[in-house]
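In: my questions are about this predicted structure, shown below with the sequence.
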Amino acid sequence: MTAARPVSPAPGGAVAAKVVSDRAEGEAYVASVCFKHGPPRLLGVELEYTVHYAGDPRRPLDAQDLARALGPHAPRTLDPDSPARPLPAGSPLTLEPGGQVEISALPQASLRELASVVTADLEHLTELLARHGFVLRDEGIDAHRAPARLLDTPRYAAMERRFTPMGPGGVTMMCSTAGLQICVDAGEADAFPARWAAIHALGPPLLALFANSRRHAGRDTGAASARWLAVMNTEPCRTSAAACGPDPAASWSRRVLDTPLLVVRRGDGPWDAPEGLTFADWAGGHGAGRVLRRPTLADLDYHLSTMFTPVRPHGYLEVRYLDAQPRQRWLHPVALLTALLDQPSTVDRVREVCAPVEGEWERAARAGMADPRIAAVAREVADLGCAELARTGLTDETVNRISEGVQRLAHAGEG
């Protein structure tokens, strides 16, 4: 995934090449780059969509057709000779392994500015693809085609080989799913544990409220969010929710070091990682003879990019649990989450409201708003967030439109 980053943790030059000598050094580094504190200032969003031929949405994508359609915006993972220009309002364009497009908006200082940038770039991309016979689908999973990898990169090839024996979840996640990811600053250090816990607690009710991925590959899966089930079934050590104790940085750092490597970058040959080798093992020298070199901080940064948790810390917090939304409604969940995190008192109330369904990720993905307990919490969350939308800086007209749309979702199954 390409992150819309309020804060960039990546080291450069000599720092990136520094060898990680042991677990303690690795954990200290993860804590320092993944959790950066200060007043919340910036917002980012990543919009993913599956791409289809307008005349036949079941037709497999052809890489050359898609490259021609994207022209100078084509990522180099698709066309190595492309200039890979950002979209006109500045958003980088990337592709997921199955050819899903991803707009990674640059962080903005207000929700109104973010909405303006993303709307402009999304309209441009939609029109550009339409001129070449493509359409963007609004669902969170490919409703028409089975998973098929379009991008031929060492990373994605190694991931596919790793995930395939585990079942269909991993390859489906890579090649068929589309999400809406919201990036928010971590906030002040003293308020961070509560903010971290609230963002996780909101996961099941918001996942259910905005679930949008029931049909996959021509069949009804029976699940409200088949996308999130695919993520959960990929590899639990890298996809399950993070701990929400008093010291999130320490628990996250331990987890990252204890997670097996997914890929190891090499100049030549495949990037497959030795089976079961954790980053802590590698730093401790246990990869000698298999990995052949000691890991660096750049390797640790890359390992961090292979964690696919519902909320992923990057210095900022990347909220990853929402399905892609219809293009005219992408702002609804972004504004709602922004409003729910705006005030410490609202954050505290969020945790109280969501407590009855905390951790119910699978129930939310399978049943969505058909589950009475989750639906009741989702409606409370919707009411709480809609009451705070005026604080987001959006126009009254936009606030009213978002509030009406959210409430329609919240009460769609009643009566």
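Out: Alright, I've got the coordinates. Keep in mind that what you see is a predicted model, and the values were worked out from it rather than measured. Numbering: from 1, shown residues only.
In: could you pull up the mean pLDDT of stretch 294-313?
Out: Averaging pLDDT along stretch 294-313 yields 97.
In: i'd like the first residue to be 5 from this point on
Out: I'll keep to 5 as the first residue from here, and by that count the last item is stretch 298-317.
In: can you give me the strands in the stretch 5-154 of the chain?
Out: 47-53, 55-57, 97-99, 105-108, 138-140 (DSSP state E, counting those that start in this stretch).
In: looking at those strands, which is nearest to Ala227?
Out: Checking those against Ala227 by C-beta to C-beta gives strand 47-53 as the closest, at 18.6 Å. In short, each C-beta sits where N, CA and C put it, glycine included.
In: now the closest one: how far from the chain's centre is it?
Out: Distance, stretch centre to chain centre, for strand 47-53: 8 Å (C-alpha atoms, centre = their mean, to the nearest Å).
In: got the CA coordinates for it in CSV?
Out: Extracted in CSV, the C-alpha atoms of strand 47-53 (Å, rounded to 0.1, in the frame of the first residue of the first chain):
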residue,chain,number,x,y,z
LEU,A,47,-5.5,14.4,7.3
GLY,A,48,-4.9,12.0,4.4
VAL,A,49,-7.0,9.4,2.6
GLU,A,50,-6.3,6.5,0.2
LEU,A,51,-9.1,5.5,-2.2
GLU,A,52,-8.9,2.1,-3.9
TYR,A,53,-11.2,0.9,-6.7
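In: contacts for that strand, please.
Out: Contact with strand 47-53 is made by 5-10, 100, 104-115, 118, 122, 126, 140-142, 181-188, 320, 322, 328, 331, 334, 338, 342, as judged by C-beta atoms under 8 Å, 6 or more residues apart in numbering.
In: Met76: how many residues sit nearby?
Out: I think there's a mix-up here, since residue 76 is Pro and not Met. For Pro76, the neighbour count with other C-beta atoms under 10 Å is 10.
In: same thing with Val323?
Out: 25.
In: regarding it, what is its secondary structure?
Out: strand (DSSP: H, G, I helix; E, B strand; the rest coil).
In: which residue packs closest to it, ignoring adjacent ones?
Out: Leaving aside its chain neighbours, Val323 sits nearest to Ile186 (4.4 Å; criterion: C-beta to C-beta, 6 or more residues apart in numbering).
In: spell out the residue ranges of the strands in the stretch 205-354 of the chain.
Out: 219-220, 223-224, 315-317, 320-327.
In: helices or strands up against the top helix by length along the chain?
Out: Secondary structure of the chain per DSSP state H: the longest helix is helix 115-135. Secondary-structure packing of helix 115-135 (3 or more C-beta pairs under 8 Å, 6 or more residues apart in numbering; DSSP states H and E): strand 47-53, helix 67-74, strand 105-108, strand 138-140, helix 335-344.
In: related to what we said a few turns ago, and the strands of the stretch 205-354 of the chain, which is most packed in?
Out: Across the strands of the stretch 205-354 of the chain, the average number of neighbours (mean count of other C-beta atoms under 10 Å) peaks for strand 320-327, which reaches a mean of 25.
In: against which helices or strands is that one packed?
Out: Under the contact rule (3+ C-beta pairs under 8 Å, 6+ apart), strand 320-327 is packed against strand 183-189, helix 196-205, helix 207-213, helix 230-236, strand 315-317.
In: below-threshold pLDDT in the stretch 255-404 of the chain: ranges please.
Out: For the stretch 255-404 of the chain, applying pLDDT under 70 flags the ranges 292-296.
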